[in-house]
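Peer 1: Got a sequence here, can you build the structure:
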Amino acid sequence: MLIKNGLIIHSIGECQEDIRITGEQFTEVKPNLTPEKDEVVLDAKGKWIFPGIIDPHTHMGIPIKNQLSADNFDTGTRSALNGGVTTIIDFTVLENNQSLKESIIIRNNLAEESHCDYGLHCNFTRFTQDLLDEIPSIINEGIISFKVFTTYKDAGMMLTYGEIEEVAKKISSENGLLMVHAEDDDEILIASKHIPEEEFSNPYSHGLSRPDTSEEKAILEMIKIAHKTKCSVYVVHLNSAKGFRAARSSDKIMIETCPHYLLLNDMVYKRKDGNMFVASPPLRKTDDAEILWRAISNNQIHTIGTDHCPFCINQKQTGIPFNQILNGMGGVETLFPILIAQWIKRDLPKPLLTKLVSTQPANIFGLQSKGEIKSGKDADLVIVSPNDLTDNWQDRLVSVTDWNGYLDFPALFPDHVILRGIPVVKKGKLQSLPKGKFIPGNI
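Peer 2: Residues are numbered from 1 along each chain as shown. Reported below is the predicted structural model:
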């Protein structure tokens, strides 16, 4: 295939170049390429071309409160491709009496249904010496990132800061990466005690129970651990101004935020469907979102992931205590379409978007074949027509879920999506779907 006349949005700038794809890879990227015999030519004049989008934070079909999130690897990655996401990085689920290796095998088996490429992070939600000893071999197998939680004690997922320090030491010695869900459990317990019983069925109380001080405190503790152990730390789904300011005080901390923290605020909990917006950490104030947008424009955010964990309307009951509502929102299908629309609205540089949703996720998590339109890289790309920005895009979705939290915002869906040289979206329509590949992370 030869793609001609498009404006390529690299992470360091934009330029009009042609793109030659041979097999699964980019083989030439330069101006004025001449079509070869039998080469399919796609004219991208007037269109923008981005590298395939990488969502570094998804949860396909995970168990939460005796239910499963609504997307499995089959349905979730169909949606991902439709929105331009060609690679996801999902998480293992560590059950009782299970080794890290066993949790990886089970997750890999489930991920065989994936239609886009995928990597894995390893959840480290129980602390034993045996689990610590597994870390070197797991990194050697291409899973270089390990996630810990500073909350969810009742769910059996929380590690103490002392235990996290031991995990960080081990990961640091192997040049791996520590990921952290940063909400301090004690802060949450204290705040929860102040919520009146009559407000327990109000979704707004979810946000009150998890104050921004909980994120701030957990990040400050993680900074101490990072400097003690010399371990690089990646804070997932950062959502508050206080958390951001804490994270910015150390060069050992990398920051991920999510579209819902950039676009939504805690007032949505007062809507009729307020229960559908319950996710952890909770939505904050408009001022918090604007601080994050300013951080993005100042190159102080490293990635934007979705924390994709969707539920259908009948799964998220109303009138029940806020702490019993299933936690999570969907986002993988709308990650790129919603963000590119905001980039246009806010007049942000397009290379910055490429950096946040493609190049930097690839670099941070060692996906060496991904993240750039460059000779020798996997031929993953997204083509959009900037004039196709619309407020009426619900019909473009292929999601199996029956609720979407972003319908009040404009979106720009892809004209074409290519995964490893395979056209998966043509003229805005999802095509026959390929089999995704596991992409190992390399340090």
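
Peer 1: which sections of the chain are below the confidence cut-off?
Peer 2: Low-confidence segments of the chain, defined by pLDDT under 70, are absent.

Peer 1: Excluding chain neighbours, what is closest to the residue sitting nearest the centre point of it?
Peer 2: The residue lying closest to the centre of the chain (Cα atoms, centre = their mean) is residue 305, at 2.4 Å. Using Cβ to Cβ, 6 or more residues apart in numbering and skipping the chain neighbours, the partner closest in space to residue 305 is residue 57 (3.2 Å). Every C-beta, even on glycine, is put in place using the N, C-alpha and C of the backbone.

Peer 1: Could you pull up phi and psi at that neighbour?
Peer 2: Here is the backbone geometry of residue 57 (degrees, to the nearest 10): phi -150, psi 90.

Peer 1: With residue 423 instead?
Peer 2: When read as degrees, to the nearest 10, the backbone of residue 423 gives phi -70, psi 120.

Peer 1: Using the three-state scheme, assign the closest residue in space to residue 76 that isn't next to it in sequence.
Peer 2: Nearest residue to residue 76 in three dimensions, chain neighbours excluded: residue 60, at 4.5 Å (Cβ to Cβ, 6+ apart). Recorded secondary structure, residue 60: coil (DSSP: H, G, I helix; E, B strand; the rest coil).

Peer 1: Can you pull the domain assignment for this structure?
Peer 2: Residue ranges for the domains of the chain, per automatic domain parsing: 2-50+370-430, 51-364.

Peer 1: Quick check: the residue nearest to residue 305 vs residue 331, distance?
Peer 2: 9 Å (Cβ to Cβ, to the nearest Å).

Peer 1: Need the residues touching each of these two.
Peer 2: 258, 306-308 (Cβ atoms under 8 Å, 6 or more residues apart in numbering).

Peer 1: which pair in these spans the largest distance?
Peer 2: Within the shared contacts of residue 57 and residue 331, two members stand farthest from each other by Cβ to Cβ: 258 and 308, at 9.2 Å.

Peer 1: anything in contact with each of these two?
Peer 2: 57, 331.

Peer 1: just the helices in this protein please.
Peer 2: Here the chain has its helices, by DSSP state H, at 73-82, 100-111, 129-140, 161-173, 185-193, 204-209, 212-229, 241-247, 259-263, 286-297, 335-346, 350-354, 360-364.

Peer 1: how big is the angle separating the fifth one from helix 212-229?
Peer 2: Interaxial angle, helix 185-193 versus helix 212-229 (axes from the mean of the first three to the mean of the last three Cα atoms, to 10 degrees): 170 degrees.

Peer 1: Please write out the alpha-carbon positions of helix 185-193 in PDB.
Peer 2: The C-alpha trace of helix 185-193 is given here as PDB (Å, rounded to 0.1, in the frame of the first residue of the first chain):
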ATOM      1  CA  ASP A 185      -6.800   4.300  52.200                       C
ATOM      2  CA  ASP A 186      -6.700   6.000  55.600                       C
ATOM      3  CA  GLU A 187      -7.800   9.300  54.000                       C
ATOM      4  CA  ILE A 188     -10.700   7.500  52.300                       C
ATOM      5  CA  LEU A 189     -11.800   5.900  55.500                       C
ATOM      6  CA  ILE A 190     -11.800   9.200  57.400                       C
ATOM      7  CA  ALA A 191     -13.700  11.000  54.700                       C
ATOM      8  CA  SER A 192     -16.300   8.200  54.400                       C
ATOM      9  CA  LYS A 193     -17.100   8.400  58.100                       C
END
